[in-house]
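A.B. asks: got a structure for you, letters missing:
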C-alpha cells in the first residue's frame, strides 16, 4: 500500500482566487439581484469551500484513493458483506447516456428501455426469491427491511390485527439492522436464542409465539454461515401463530439455484444488489435492497411498481400500497448494474456462483480449523465463523488478529459479529477469488496464529505497513472533531 | 481497586453511596473495566423521577453501550457535569470522581435489596 | 464461467482437501423437498460483447436529456457536471471499497467523508454533518424522527409546499412510529406557507416544523418567521434546502435552523432516472449530534501521533445499539457523496455562487419571455431555479407536442393539486443556453 506521508485536507490546499471549473459566460440579460432575491434571503457569508485548481483536486483525491483498500486492490473476505469482484462492463453499461441522463418524470413513452429493464429485473428477482412480486425502491438492505416490515404491519392492519400483533421475533445471531428496523415500525423485539447447532432454538421459538406475534426476521444461511435445517418447522410455527416470515437476503450468495426463500416459506425477502449481484459498494454506498413478497402481500408494496401491458411498460400503484419509501424509483443506476450482471451470468451462472462461493468457504474453513477455534463444526455455506478464543489465551484479541492481517495486504474479516460467538471472526471469501489467493490467506492466518503464541506483542501492536497505524478511537469519540476548521 | 466497604451494590455492577437520604450512583471498577474506554455519559435531566430498575442514564464506550438503572426509586437531584467534558473519569476514578448522578430516595426500604461490599465481592468471584 | 476463476482441476483439489466426493454434500442441510426447480424466467448468459449490444439497445429505447432539452426539475436537475467528478468516483479504490470499518486501510474514504462533512456543514451553516443518507426525502424523514426524539414530542408540521413525494415518504416513516403529521396549507397568492395557519394549537406540541428552501414551487419560504414561531414553542426548526441555492440564499444556520437536510443530486450526480443521488444531513450543537442517524467520521491520531480518521460515535448505530439505535441505516450513498464533494471542491465558493446566479438569471429570463407571450407566473413569492407558470391548456398534451420539437417540458401540477390544473413547474439550470430558452418559448408560444 501507498505512502506513510500524510495527505493535507483539501481545505489546506486552498488559495484565494483559484478555481477548478468555469461555467460559460452568462448569455441572458441580467436582472439586478436585489430585485429578484430580497435582502433577508441573500446569503451574507459565502460557504468556505476550498479554492483549488482542477489538477489539485485530481491529485488530492487520487492520493486519497491510494490510501484505500478495495476489491480492485486485494482480497476482501468481509463476512456478511459479499465483497465479490464488481465487473467493469457493468460500470460501462450504467454510464450509457440512455441510463445516466434520464429525468425521473419523463413521460413513459420516452423511457420504455428503462422501464423494460426494471420490469425484467423485478421478474428475475421475484423468480430468485420464489415469490410473487418485487419492488425495486429500497436503497439498501436496511431500507428493504424497513419497507418489508411496513408491509407486514399494513397486512396485519388490513386484517384488523395491528393492535395485537406487536412482537417481532429475531434470533440472537441476527444483523443489528433487524432489531433496528423493527423498532422503526414500533415493533417490540423478542430475541430467540440459538441452539447448539447454531440454528434457531425451535422449542424456545414455539414457546414465544402467540397472537402477539407479528413475524420473524431470519437470515438463512444465518450469520454463522449455517443453513438452518429446521426452516420448515420454523415457518410452520410462525405461520400457525398468524405471523409472517421476513428473509434477510444478505446471505443469498449461498443458495442461488439451490433453494428459494419463498419455497422455504418466507413471505418477504430483501436482496442486497451490492452483495449478491455484484454492484460496487462505493465505500459505503449506494446499495440497493429490492424486496420480493408473496401474492397476499403484493397489494401492499410501495408505489410505484413497473407493469406491462401489450408490450408497453408503465408505473402502477399497488391497490393497498403503503405509500413511498423513497423519492422516485430506487437507485436506478445500481439496478442497471445488477441487471447486467444477471444477464451476463444467466441461470446456470448464478448457480455456479453459489456453488463456488460455498466451496471456497468450506476450503478456507477446513484449512484454518487447525489454528483457530471453530465453534460449529459442520459444513458451512458461503461464509463461516471462527473464534479467536485460543489466541485470547495468549493476550491476543480478535481485533489484533484483524489488524495484523492488514499488514498482509488483506482486508480483515468481519470481527466481533455475530454476537453469540466469543471473539468472533467471520470470513466470506466469495466465488471470485483464485485458489492462490485463498492459499495466501490461509498462510497469513497461520502465520498470525503462530505469532500470537510466540510473540503476541507483534500482533497486539499491528498494523505496521499501513498508511496510518492503529488509531485512537476513544479520543475521536470523547472530543469529537467532525469537520475541518483552520485551528485543527 | 477494591470495592469500598461502605457502599452498596447491584447485580448490574453499579454502586450506591447513601448520604442523608440521597443515593449517589456510579459504576464499579469491574464494570468500567468490562466497558473499556468510556467516551460519553448521557446524564439524566434534573428532577427526573425514576422508578427502581428503570434506565435513567447511559454510559458509552467506543463499541458498547450500557444503561444505568436506578437502584432505588427517587428524583434526580444532581448529575456529575464534569463527565460532559471528561467521560474518562468513569475509568480513572469509578468510585469517586466518576460518579454519575444523585437520587433523592423515595423509599429507604428499597436499600435493603442491594448488596453489601462482601456480597458484591462474592458475586465477582463467581464471574 | 464469468467472473469465477476456479478451474475444474482446482475444484477437484478443493473437494479432495475437504474429503468429499461432490459439491452436493456441502448443500445437504437444505431439505430436498424445497430445492429449486429450473427457472422459467431467468435468461441465458450473454458474453460481454453481447451484453453491451443488448444494454445499448435497451438504452436506445430511452430519449435521454443529452438529446432532449430539459426544462423539467421537481427534485432532479440537469446541471453541468465537471469531467473530473466521474474520473475520481470511478477509481477502483473508492468504487470497490466497503464501509470503512478497518480505518488503517480506509483512510482515503474516511478523509474524503470528513471533507464532505465539512463541505456540508459549510453549505448549511451547521456544526456537523453525517456521511450521507439515501436521498433528500429519507433524510428529511429521519430529521423529523430525530426532532421527535430530541423534543420528546409526537407531532410534526409539514408544509403543503414540500415536494409531494417527500411528504409521502415522511408521512410513511412517521406514521410507522405512530407520530402525528399535520399539513400546513399554503397561501394561494404567494405560493408559500400560509402564516395565518401558524396557531398556538398547532405549534405547542409540535416537535418541529419543516421549511423547504426553496419549496416545491421553486419559491422562498418565510424561513425567519417559521424559525421564530417554532422556537417560541420549544420545537425544532428543520430546513430542507437545495444545495446549489446555498451559493446565493441565506445560510440555514443564520436563520436558526436546528437540522438541515437536502438532496445532493444537483452536486455532481447525474439524474440517472432518479437515483442514486445522496441525502445530506447536518445539525447544530453537540447534543443534537449524538442523536444524528447514520455514519459519522471523526478526526483522531494514530499510535505515532499522526492525524487520521475513524468512524466515530458508533454507539448510535444499529450494529451496536440494535433496537435502541437512532436509525436502522447502514449502507448510505458514500460514492454519490464523494461526487458531491469533488463537485464542490472544483467549483469553490465562487463557482457555486455562479451556478446559483446563472440558474436564477436564466429562470428569470424564461419567466420574462413567457410573460411576453401571455403565460403568467402563478405565484408572487420570489423564486430561485424553478417557477410555476399558468395557462389555460392541457399541459400533458403540450408536453407531448414539445417532445416532438426535442424539449422535455415542465411538470404539470394538476396531478398534485386540483386547483393547479392550469399550472406547470418549470426549471432552468445553468446548463440551458439563451438560444435553447428562446427556441422553447417560440415553440411553446405556438402550442398555447
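C.D. replies: On my side now, so go ahead. Predicted model only: the values in this text are computed from it and were never measured.

A.B. asks: So, low pLDDT: which residues of chain C?
C.D. replies: Scanning chain C for pLDDT under 70 picks out C:1.

A.B. asks: Helices of that one, start to end?
C.D. replies: Taking DSSP state H as the criterion, chain C carries its helices at C:8-18, C:48-59, C:83-89, C:92-95, C:107-124, C:136-151, C:164-176, C:200-203, C:223-232, C:286-289, C:318-321, C:334-372, C:395-404, C:434-447.

A.B. asks: a markdown table for those, including mean neighbour count?
C.D. replies: Yep, even glycine has a C-beta here, placed from its N, CA and C like the rest. Below are those laid out as a markdown table (neighbours: other CB atoms under 10 Å in any protein chain shown):
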| stretch | mean neighbour count |
| --- | --- |
| helix C:8-18 | 14 |
| helix C:48-59 | 16 |
| helix C:83-89 | 19 |
| helix C:92-95 | 22 |
| helix C:107-124 | 28 |
| helix C:136-151 | 26 |
| helix C:164-176 | 22 |
| helix C:200-203 | 14 |
| helix C:223-232 | 19 |
| helix C:286-289 | 16 |
| helix C:318-321 | 21 |
| helix C:334-372 | 24 |
| helix C:395-404 | 16 |
| helix C:434-447 | 17 |
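
A.B. asks: Other residues contacting the helix or strand residue A:178 falls within?
C.D. replies: Assigned by DSSP states H and E, residue A:178 belongs to helix A:177-184. The contact list for helix A:177-184 (CB atoms under 8 Å, 6 or more residues apart in numbering or on different chains) reads A:141-142, A:145-146, A:149, A:168, A:170, A:188-189, A:191, A:217, A:248, C:173, C:176-177, C:318-319, C:321-325, C:327-328, C:330.

A.B. asks: Compare the helices of chain C and report which one is nearest to residue B:51.
C.D. replies: Among those, the nearest to residue B:51 by CB to CB is helix C:136-151 (21.2 Å).

A.B. asks: quick one: the closest one near chain A?
C.D. replies: Yes - counting by CB under 8 Å from any CB of the partner chain, chain A is contacted by helix C:136-151 at C:136, C:137, C:138.

A.B. asks: give me the residue from the stretch 1-150 of chain C nearest chain B.
C.D. replies: As assessed by CB to the nearest CB, chain B sits closest to residue C:101 within the stretch 1-150 of chain C, at 11.2 Å.

A.B. asks: looking at it, that residue is touching residue C:311, isn't it?
C.D. replies: Yes - with contact defined as CB atoms under 8 Å, residue C:101 counts as touching residue C:311 (7.1 Å).

A.B. asks: Can you tell me who the nearest residue to residue B:21 once chain neighbours are set aside pairs with across the strands?
C.D. replies: Spatial nearest neighbour of residue B:21, excluding adjacent residues (CB to CB, 6 or more residues apart in numbering or on different chains): residue B:105 at 5.5 Å. On the basis of DSSP bridges, residue B:105 is bridged to residue B:74.

A.B. asks: Wondering if stretch C:303-311 reaches chain A at all.
C.D. replies: Yes - against chain A, stretch C:303-311 shows contacts by CB under 8 Å from any CB at C:303, C:304, C:306, C:307, C:308, C:309, C:310.

A.B. asks: and what of stretch C:209-219?
C.D. replies: No - Stretch C:209-219 lies out of reach of chain A by CB under 8 Å from any CB, never closer than 8.9 Å.

A.B. asks: Pull the distance from that stretch to the chain's centre.
C.D. replies: Computed by CA atoms, centre = their mean, to the nearest Å, the separation of stretch C:209-219 from the middle of its chain amounts to 14 Å.

A.B. asks: What is the end-to-end distance of it?
C.D. replies: Start-to-end span of stretch C:209-219 (CA to CA, to the nearest Å) is 17 Å.

A.B. asks: what do you get for stretch B:68-79?
C.D. replies: One end of stretch B:68-79 to the other measures 13 Å (CA to CA).

A.B. asks: about what we covered before: list the residues that contact the residue nearest to residue B:21.
C.D. replies: Applying CB under 8 Å, 6+ apart, the residues near residue B:105 are B:18, B:21, B:22, B:23, B:72, B:73, B:74, B:111.

A.B. asks: And the buried ones among the residues you listed, selectable in ChimeraX?
C.D. replies: If you want just the buried ones from the contacts of residue B:105 in ChimeraX, going by 16 or more other CB atoms under 10 Å in any protein chain shown, the selection is:
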select /B:18,22,23,72,73,74
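
A.B. asks: Rebuild the contacts of residue B:105 as JSON lines, extending it with secondary structure and pLDDT.
C.D. replies: Below are the contacts of residue B:105 laid out as JSON lines (DSSP: H, G, I helix; E, B strand; the rest coil; pLDDT from 0 to 100):
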{"residue": "B:18", "secondary structure": "strand", "pLDDT": "95"}
{"residue": "B:21", "secondary structure": "coil", "pLDDT": "90"}
{"residue": "B:22", "secondary structure": "strand", "pLDDT": "95"}
{"residue": "B:23", "secondary structure": "strand", "pLDDT": "96"}
{"residue": "B:72", "secondary structure": "coil", "pLDDT": "95"}
{"residue": "B:73", "secondary structure": "coil", "pLDDT": "95"}
{"residue": "B:74", "secondary structure": "strand", "pLDDT": "95"}
{"residue": "B:111", "secondary structure": "helix", "pLDDT": "93"}
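
A.B. asks: Would you map out the domains in chain A?
C.D. replies: A:10-65, A:90-345, A:348-474 (automatic domain parsing).

A.B. asks: So which of these is the most surrounded?
C.D. replies: With neighbours defined as mean count of other CB atoms under 10 Å in any protein chain shown, the domains of chain A peak in mean count at domain A:90-345, which reaches a mean of 23.

A.B. asks: Dump the residues of helix C:136-151 next to chain A to a markdown table, plus distance to chain B.
C.D. replies: Listed next are the residues of helix C:136-151 next to chain A as a markdown table, based on distance: CB to the nearest CB, whole Å:
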| residue | distance to chain B |
| --- | --- |
| C:136 | 29 |
| C:137 | 29 |
| C:138 | 25 |
